[in-house]
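Undergrad: My questions are about this predicted structure, shown below with the sequence.
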Number of protein chains: 2
Amino acid sequence: MGRTVDVTELVLRDGHQSLLATRMALEDMAPICEEIDAAGYWSVECWGGATFDSCIRYLNEDPWERLRTFRRLMPNSRLQMLLRGQNLLGYRHYEDTVVDRFVEKSAENGMDVFRVFDALNDVRNIKRALEAVKRTGKHAQGTVCYTVSPLHSVSDFVDMAQRLVEMGADSICIKDMAALLKPQPAYDIVKGIKERCGAETRVHVHVHSTTGVTLVSLMKAIEAGADVVDTSISSLSLGPGHNPTESLVEMLEGTGFQTSLDKSRLLKIKEHFAQVRPKYSAFESNIVGVETEIFDSQIPGGMISNMESQLKAQDAGDKLKDVYAEVPRVRRDAGYPPLVTPSSQIVGTQAVFNVLMGEYKVMTGEFADLMLGYYGETLGERNPDVIAQAIEHAKKNPITCRPADLLTSEWDELRDRAAALAGFDGTDEDVLTYAMFPQVAPTFLKSRPEGPKNVGTSAGKPASAVPHSKNGVVKEPVQSPVVYDITVGEKTHHVTVTPA
Amino acid sequence: MGRTVDVTELVLRDGHQSLLATRMALEDMAPICEEIDAAGYWSVECWGGATFDSCIRYLNEDPWERLRTFRRLMPNSRLQMLLRGQNLLGYRHYEDTVVDRFVEKSAENGMDVFRVFDALNDVRNIKRALEAVKRTGKHAQGTVCYTVSPLHSVSDFVDMAQRLVEMGADSICIKDMAALLKPQPAYDIVKGIKERCGAETRVHVHVHSTTGVTLVSLMKAIEAGADVVDTSISSLSLGPGHNPTESLVEMLEGTGFQTSLDKSRLLKIKEHFAQVRPKYSAFESNIVGVETEIFDSQIPGGMISNMESQLKAQDAGDKLKDVYAEVPRVRRDAGYPPLVTPSSQIVGTQAVFNVLMGEYKVMTGEFADLMLGYYGETLGERNPDVIAQAIEHAKKNPITCRPADLLTSEWDELRDRAAALAGFDGTDEDVLTYAMFPQVAPTFLKSRPEGPKNVGTSAGKPASAVPHSKNGVVKEPVQSPVVYDITVGEKTHHVTVTPA
């Protein structure tokens, strides 16, 4: 018997987020939790920003109640969540005590493993959340977002992992949200982390399957020493989702590696979700095969669909190729941020504006903030000329401190505002729900007594009635609309961009 | 720069055979042939039993004309075909001079690479065809069908490869028709062949993607020294088909291996078939994801759907689990043949009969033939008790010679019979078309002047109007109905089984 590789099951969070627009209701998961609990997973990912958002926006389901239910139904499992560092589950930086409170309450309600990342890979945006997790005694996982740029090298990712370990991370996750992680870099990065940080440093690898190559990357990561890999049960796998759990198990036979998963239980889990999936067919991603073009464009699919929508809204659909060429330039000017929510939208929207109106003639407030350090630091140096233009557009000075250092205590105000809402139940959980999604929470809290709505039962409605991209590219998961302040000359415009 | 791995493109044969029931018309392939020709493939698989059958059965297209068209449109490419050894493209053993004639005519019409296999892995059934190919000066590829059984080991496959090399094969193909080839055996078999037969022995690896693990197997095969791997362009890949060509290319980056494929041409090929595919949606396999259960059952998907149809026809749909358990016993009794056309149907049907009527109480003529050596030799010893029953059922003695040795010259008779058909054009090609599919050819030769019919244009008709399996398992490609003679006591019944 060789080394046992542990597995994190994604179906309850990223699986349906990537394939069914995060629409799956708790009642379609609950019946199979007993099997999941007993199947031998290292952890069960089941909570995160998009699932929380979808619960209150579409499903009239209390996400905290969902978490407590998982805890009750899977008493033997490590429950795992994805946390956006200082952004928690929202789209802005929160003040530190809100971060602390959110982590405490999540742990209290049953969360075991916190996977903490930052869209810019700025470890300062990860630190407070990691420390908060450590204080609860739960598992604090530091995350390195994988990206490809002319600048990023294996050693940069290893450097970041080392900083996270030094911060006290209990494990490191390499997170490849765009399926760009090829086998050789997967091997090199895992090997690099093990060599730099010690063989005892647990390394988890999270990949998507969009490009078709990443099961091979998992194999190579395992050969390099990865301790845990993330997969999703086969009936909710592939396409913009993940590699199938069962294929991972079978792949290892005879290699000297094995999992400790129970194949007969995996079969039951597979069959369960094979039954459930058609209920949500109206929300299916329209990617079913493989997309490898993103290796060359380095533009994740979700970003393409966003930019297309924006161009079409301006009757400029023919400009897409120009925007493709502009994205790398904008990204270079911004210091090569990874392209993941929200940096992908910010860079993509700015590229669209550059093409339509001339380079940086119009600048979104968000892009100015990105240039001025208000989202954090990037690996690359930012273009000083564009920084100067951002100062002028935004009438703000650049910062070099951690963005959250500029925030003042906000808990009491959040509580007061939440308390004023109809349906508020007085708990810190409700305050946090409001804090995360202040535009959605008021409606949710009011309608909460009506109980969960399963949108899967409306699978019969025509697919055109639900938003989905039309051009064979991956759709981003559920997100809040982003409001940009655009200043042209003296005039400021508010532009709302709803991710496709 | 490391070693260059060559690639065979499958989309023109096995790609649409596995995903679109072999229904693609030449006119939907021709416009992209120029790009395929220039993309840098080692070979282009474009002809075989099912495509030939489909041409005359469904498309009113002369398969020889299709071959000549490919030759004209792809002057720089090696055209490749799959040949069922002594069975050629049909379902019975042909006398040697027919084998010779078929190979000559195929070469003359433009074929370059002949991949020759036998369903039982009996090299005597491969020898004549290999020799015929050698005489034409074309590339003679000997094929090892990969299968899994309690008996088969790496060294058995290597032994067979060695025998094929000794017969003069220009290269060896490991053919994994059921997606059972896992990474470690892929590595071990390729390594074993290279060590036993010499590093200069070219090894090709053909896998399907049904189980989701085989791109990893290709990676391991390449690491072990495989020279050529088979893939299909991404827009006609995955599911019961093959791994995507583009993913293979990308996967290798940085590994020390590379292909010489032109990615910009691959993109055009991808886009072409992405446009074509929806025309044939009525013929789509209803497998879209991954099936790993076949690793345990060792029953290929197509076999399951056949057996289900047979059981349902007998109102015994509830007996499927019994049949699953019976298949391995029948296969053991038969000496563990690989399960591929026609052995999969023969074993499966016998298992159904055993469950419905008692073990070997009823025996199909084909199963008796299999037990008595009329299909060739198997790796395992056959059960003497069952051989005795087969003798009794079939009133025939077992043989140990090569089955085709029992045949007498048949060309003149085939020519005479073909000549009697309306529409016969006097060519050897028409004789061979008749020889391969004597039940279908008469209708085809008569209707040939009406020209090709593109069944893709009827994509709008309801899917229920075309046969496809209903239970999420892979459908077998187009095949002739098989007529069984079943003897119960004194009475003989003719039973026609049409593969689902």
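TA: Yep, it's here.
Undergrad: And the contacts of whichever strand or helix holds residue A:296?
TA: When secondary structure is defined using DSSP states H and E, the element that contains residue A:296 is helix A:294-297. Helix A:294-297 is contacted from outside by A:148, A:178-180, A:210-211, A:300-301, A:304, A:324, A:327, B:250, B:263, using C-beta atoms under 8 Å, 6 or more residues apart in numbering or on different chains. Heads up, the C-betas are built off the backbone N, CA and C, glycines and all.
Undergrad: For stretch A:249-263, output the C-alpha coordinates as CSV.
TA: Coordinates of each C-alpha in stretch A:249-263 appear next as CSV, following Å, rounded to 0.1, in the frame of the first residue of the first chain:
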residue,chain,number,x,y,z
VAL,A,249,-10.2,7.1,-7.4
GLU,A,250,-9.9,4.8,-10.4
MET,A,251,-7.0,6.7,-11.9
LEU,A,252,-4.8,5.9,-9.0
GLU,A,253,-5.0,2.1,-9.1
GLY,A,254,-1.6,0.6,-9.2
THR,A,255,0.2,3.9,-9.0
GLY,A,256,1.3,3.6,-5.4
PHE,A,257,-1.3,6.1,-4.4
GLN,A,258,-4.9,5.5,-3.3
THR,A,259,-7.8,7.2,-1.7
SER,A,260,-9.8,5.9,1.2
LEU,A,261,-13.2,6.6,-0.5
ASP,A,262,-15.9,4.0,-0.5
LYS,A,263,-16.9,3.3,-4.1
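Undergrad: near chain B, which residues of chain A show up?
TA: By the criterion of C-beta under 8 Å from any C-beta of the partner chain, the positions of chain A lying close to chain B are A:182-185, A:188, A:211-213, A:215-216, A:219, A:234-235, A:237-238, A:243-244, A:246-247, A:249-251, A:253-255, A:263, A:267, A:274, A:288-293, A:295-296, A:472.
Undergrad: returning to that earlier point: show the subsequent helix or strand relative to the helix holding residue A:296.
TA: Sequence-wise, the next helix or strand beyond helix A:294-297 is helix A:301-313, with elements assigned using DSSP H and E.
Undergrad: list the buried ones in the next helix or strand after that following helix?
TA: With elements assigned by DSSP H and E, the helix or strand that comes after helix A:301-313 is helix A:320-333. For helix A:320-333, a neighbour-count test (16 or more other C-beta atoms under 10 Å in any protein chain shown) marks A:320, A:323, A:324, A:326, A:327, A:328, A:330, A:331, A:332, A:333 as buried.
Undergrad: Beyond helix A:320-333, next helix or strand please.
TA: Using DSSP H and E, the helix or strand that directly follows helix A:320-333 along the chain is helix A:343-357.
Undergrad: Figure out how far that following helix is from the centre of its chain.
TA: Averaged C-alpha coordinates place helix A:343-357 at 21 Å from its chain's average position (C-alpha atoms, centre = their mean, to the nearest Å).
Undergrad: quick one: that helix to helix A:301-313, angle?
TA: With axes from the mean of the first three to the mean of the last three C-alpha atoms, to 10 degrees as the criterion, the two stretches helix A:343-357 and helix A:301-313 enclose an angle of 30 degrees.
Undergrad: count of residues packed around residue A:396?
TA: Each residue near residue A:396 was counted by other C-beta atoms under 10 Å in any protein chain shown, and the total is 15.
Undergrad: which ones are touching it?
TA: Going by C-beta under 8 Å, 6+ apart, the list of residues near residue A:396 reads A:368, A:369, A:372, A:374, A:390.
Undergrad: Can you go through the residues of chain A next to chain B and name the buried ones?
TA: Burial of the residues of chain A next to chain B was assessed by neighbour count (16+ other C-beta under 10 Å); the buried members are A:182-185, A:188, A:211-213, A:215-216, A:219, A:234-235, A:237-238, A:243-244, A:246-247, A:249-251, A:255, A:263, A:267, A:289-293, A:295, A:472.
Undergrad: List the ones among those residues that fall in helices.
TA: Using DSSP state H, the members of these that fall in helices are A:183-185, A:188, A:215-216, A:219, A:246-247, A:249-251, A:263, A:267, A:295.
Undergrad: Point out the least confident member of those residues, please.
TA: Taken together, these show their lowest pLDDT at residue A:295, with 88.
Undergrad: Could you identify the pair within the contacts of residue A:396 that is furthest apart?
TA: Of all pairs drawn from the contacts of residue A:396, the widest gap by C-beta to C-beta lies between A:374 and A:390 and measures 9.9 Å.
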